[in-house]
Each structure stands twice: as structure tokens, then as C-alpha cells.
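S.K.: Quick one, structure for this:
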Amino acid sequence: MFILAAPSERGTLLLPRDRRVLHDAPVRDILGALVGIELGAADLRAFLSGCLIPDGRPQGGREFPRGWAAINLQDGAVLWLRQVNGRWSVAAGETAGLLVEYAQLGTAADTPRELRVSATARSNVTDLDLKILLAQVEINVPLSTEAFVVTVPPGTAPITLDELRANDPLSSP
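M.R.: You can find the predicted model right below:
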């Protein structure tokens, strides 16, 4: 569908199917235009890794029956844990009006392989139901700067953020 590479809070988006590219744009704006959620690069890494928010510091917590616990993080975020076979795993999280459900935990430090993101009643985002599948996940491996370079095929035309917002590239056939 798309390739997004961002060594920092700015990145490059390649839409191979449309043969369009957006260079050096804020990740928050790119994701807002693509999927309707404005997440910066650090926010996205936290979502995908099961941390929910960058630098999430526990503010308190509580345990519930049947192997459930909630960890309160700063800024009102809540991380939900579930105990299975004596091990705690991240099951879900709520932050900034979004609910993130984690499934199919992998073997590498229990990193999630599937996420579902939806809006809560406190969200300003409407009609959000996003499913993210992760494959070929490697944890704590050194990355060279080339890992963040998008190879743009010849004949690929530039696109602006305004065009990206107007065209809704993920819904086209």
C-alpha cells in the first residue's frame, strides 16, 4: 500500500501503486492524511511496540480479577495487561481518545503482531477502525541510515500533503 520511512519526526512517503512520493513531511501530518490519526514518529513507535505512549511512566495501577491489571500512565493514558500462563502481556491501551488493542504477541519480548485502533467516546476522530499487521519484526538491531532511505522508482511524481489529504490513496482500488 505505502512505504513510510522516517529517521526523525519528518519522513518520506512512497505510494507505489499511484507512483507518487511525498518528501520531507512531518510524520504526524502524513499519518493524519493517510489514516486520520495524527501520530508523530515517536508516538507510532510506541503504539507498534506495545508501549502505547513514548516514555510512558507508570503513575499507578490496579489489579482486577481473572488476570487483568491496569497501569495508569501520564497524560491520562491507561495500559491494560492480561496474565496468561503466569506471564503479563499488553492487551490494550487508551490514550488521546484512541483505543489500541494488541493481539498475536510474538516471541521477541512479547511484541504485538496485530493492532486494532479505534476511536473512543472522548475522541475527536470519527469512524476509525484501523487494523495493523506487523511482519518480519526484529528487536534491538542496529539500523544504518540506509534503512530510512526510500528508493523512489523512475517516473514517480511528487505529491503534496494537501493532495494526499484530498485523494485518500488508501481507499482507491
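
S.K.: for the protein, what spans make up the strands?
M.R.: Per DSSP state E, the chain carries strands over the ranges 3-5, 10-15, 20-26, 58-64, 68-73, 78-84, 87-95, 98-105, 112-119, 129-133, 157-158.

S.K.: between those, which gets nearest to Gly36?
M.R.: strand 129-133 (8.0 Å; CB to CB). No exception for glycine: its C-beta is placed from N, CA and C like everyone else's.

S.K.: Any idea which of the strands of the chain gets closest to Phe47?
M.R.: When the strands of the chain are compared (using CB to CB), the closest one is strand 98-105, at 5.9 Å.

S.K.: In contact with the residue nearest the centre of the chain: list those residues for me.
M.R.: Nearest to the centroid of the C-alpha atoms of the chain, with distances taken as CA atoms, centre = their mean, sits Leu44, at 3.8 Å. Applying CB atoms under 8 Å, 6 or more residues apart in numbering, we find Leu44 in contact with 27, 31.

S.K.: distance of it from Val100?
M.R.: Distance from Leu44 to Val100, counting by CB to CB, to the nearest Å: 11 Å.

S.K.: in this structure, which ranges drop under the pLDDT threshold?
M.R.: Along the chain, segments meeting pLDDT under 70 span 104-110, 121-126, 169-173.

S.K.: okay, now Gly36: neighbour count?
M.R.: Residue neighbour count, defined by other CB atoms under 10 Å, stands at 16 for Gly36.

S.K.: Over to stretch 4-13 now: how far is its first residue from its last?
M.R.: Using CA to CA, to the nearest Å, one end of stretch 4-13 lies 5 Å from the other.

S.K.: Next: stretch 26-44.
M.R.: End-to-end distance for stretch 26-44: 13 Å, by CA to CA.

S.K.: Quick one: distance of that stretch to the chain centre.
M.R.: 8 Å (CA atoms, centre = their mean, to the nearest Å).
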